[in-house]
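Trainee: Provided below for reference: sequence and predicted model.
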Amino acid sequence: MEKLIMLGTGHGFVWNLYNTCFLLENGKENLLVDTGGSIDIVHRLEEKGYKLTDIHNIFISHCHTDHILGLLWILKKMSGLFSKGYSEPFNIYCNQEVTNAIKKLYSSVFSDAKVKAIDEKINIYTLNDGEKLKIAGEEITFFDVHPKGNQLYGFETVLNNGKKLIFLGDETCNPILYDRLIDADYVMHEAFCLDAEESIFKAYEKRHSTVKYVCETMQPLNIKNLILYHTEDTHKNKKELYTEEAQKYFNNNVIVPNDLDEIVLD
Ligand SMILES: [Zn+2]
């Protein structure tokens, strides 16, 4: 049975949470989705019992700092392992913009020896819109979410129990994707802040959504479970507050994870 291990649930500029990233885990293998913006990615993985040698596949949704910069720390650690003879496969899946950014980043900040090790051992795979791949035991279809900002890819997968999970990245869902979402079992959508606090956090200006807005737009699509993440971090009782608002506008199940929560996809 698959589960999501939420390593972080915050937006790009949080202090009390880690940036949104998670593992899709099936008990044997895993896919790390985004890496957050700092070395905390390594600590978060350790806190959940993972070493970097347990990670063989990473998907990076887009090239914003809060999703991509944690990868530098992973690559730094991996290059050390490679120099000691570690040779297990290590794949990074991403769109063209992310491929370009990753290569520029590590080749600018690492030594020639580290860059050579990464170039030789790590497979950076540039995805096309609609491409379907088998990764970590899951058949995953990657797709362009047609954002207003940087190139951003999401994915869709059918779990071992036949249920459909869709990840939409961190922008308000473009209505051209609604057909894809109809009747889905799990949809992962960003929710920047509560509706009453929009004037403080300015979700819409940042191409993000309030909880109310996400729930109103997702409600007619008959989604069974709506997972909300990429939030602001001022509320200790975020889960309760966000769930309460969500339930006013969305009739099915709403899941508002905290950092390090696990979501069983049953
Ligand atoms: Zn973000």
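Mentor: Everything's here; your move.
Trainee: got a list of what the residue of the stretch 151-266 of the chain found nearest the ion touches?
Mentor: Nearest residue of the stretch 151-266 of the chain to the ion, counting by C-beta to the ion: Asp170, 4.0 Å away. Where you see a C-beta, it was placed from the backbone N, CA and C, and this is true even at glycine. If a contact means C-beta atoms under 8 Å, 6 or more residues apart in numbering, then Asp170 has His11, Thr20, Ser61, His62, His64, His67, Leu152, Glu190, His208, His230 as its contacts.
Trainee: tell me the contacts of the first one?
Mentor: If I follow you right, that is His11. By C-beta under 8 Å, 6+ apart, the contact set of His11 is Asn19, Thr20, Asp66, Asp170, Glu190, Phe192, His208, His230, Thr231, Glu232, Asp233.
Trainee: Select from the contacts of Asp170 every entry located in helices.
Mentor: Judged by DSSP state H, the contacts of Asp170 include His67 as members of helices.
Trainee: Now distance to Gly36 and pLDDT too, for the contacts of Asp170, in JSON lines please.
Mentor: What follows is those, written out as JSON lines (distance: C-beta to C-beta, whole Å; pLDDT from 0 to 100):
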{"residue": "His11", "distance to Gly36": "11", "pLDDT": "97"}
{"residue": "Thr20", "distance to Gly36": "8", "pLDDT": "98"}
{"residue": "Ser61", "distance to Gly36": "12", "pLDDT": "98"}
{"residue": "His62", "distance to Gly36": "13", "pLDDT": "97"}
{"residue": "His64", "distance to Gly36": "11", "pLDDT": "96"}
{"residue": "His67", "distance to Gly36": "7", "pLDDT": "98"}
{"residue": "Leu152", "distance to Gly36": "16", "pLDDT": "97"}
{"residue": "Glu190", "distance to Gly36": "15", "pLDDT": "98"}
{"residue": "His208", "distance to Gly36": "17", "pLDDT": "95"}
{"residue": "His230", "distance to Gly36": "11", "pLDDT": "98"}
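Trainee: For the stretch 51-200 of the chain, what lies in contact range of the ion?
Mentor: Where the stretch 51-200 of the chain comes near the ion, counting by C-beta under 5 Å from the ion, the residues are Asp66, Asp170.
Trainee: Gly130 reaches Phe143, doesn't it?
Mentor: Yes: the pair Gly130 and Phe143 qualifies as a contact (C-beta atoms under 8 Å) at a distance of 5.8 Å.
Trainee: Pick out whichever of the two has more residues nearby.
Mentor: Phe143 (20 against 9; other C-beta atoms under 10 Å).
Trainee: Let me know the helix or strand that that one is in.
Mentor: Here Phe143, judged by DSSP states H and E, is contained in strand 138-144.
Trainee: which neighbours does that strand have in its sheet, and in what orientation?
Mentor: Strand pairing for strand 138-144, using DSSP bridges, gives strand 132-135 (antiparallel), strand 153-158 (antiparallel).
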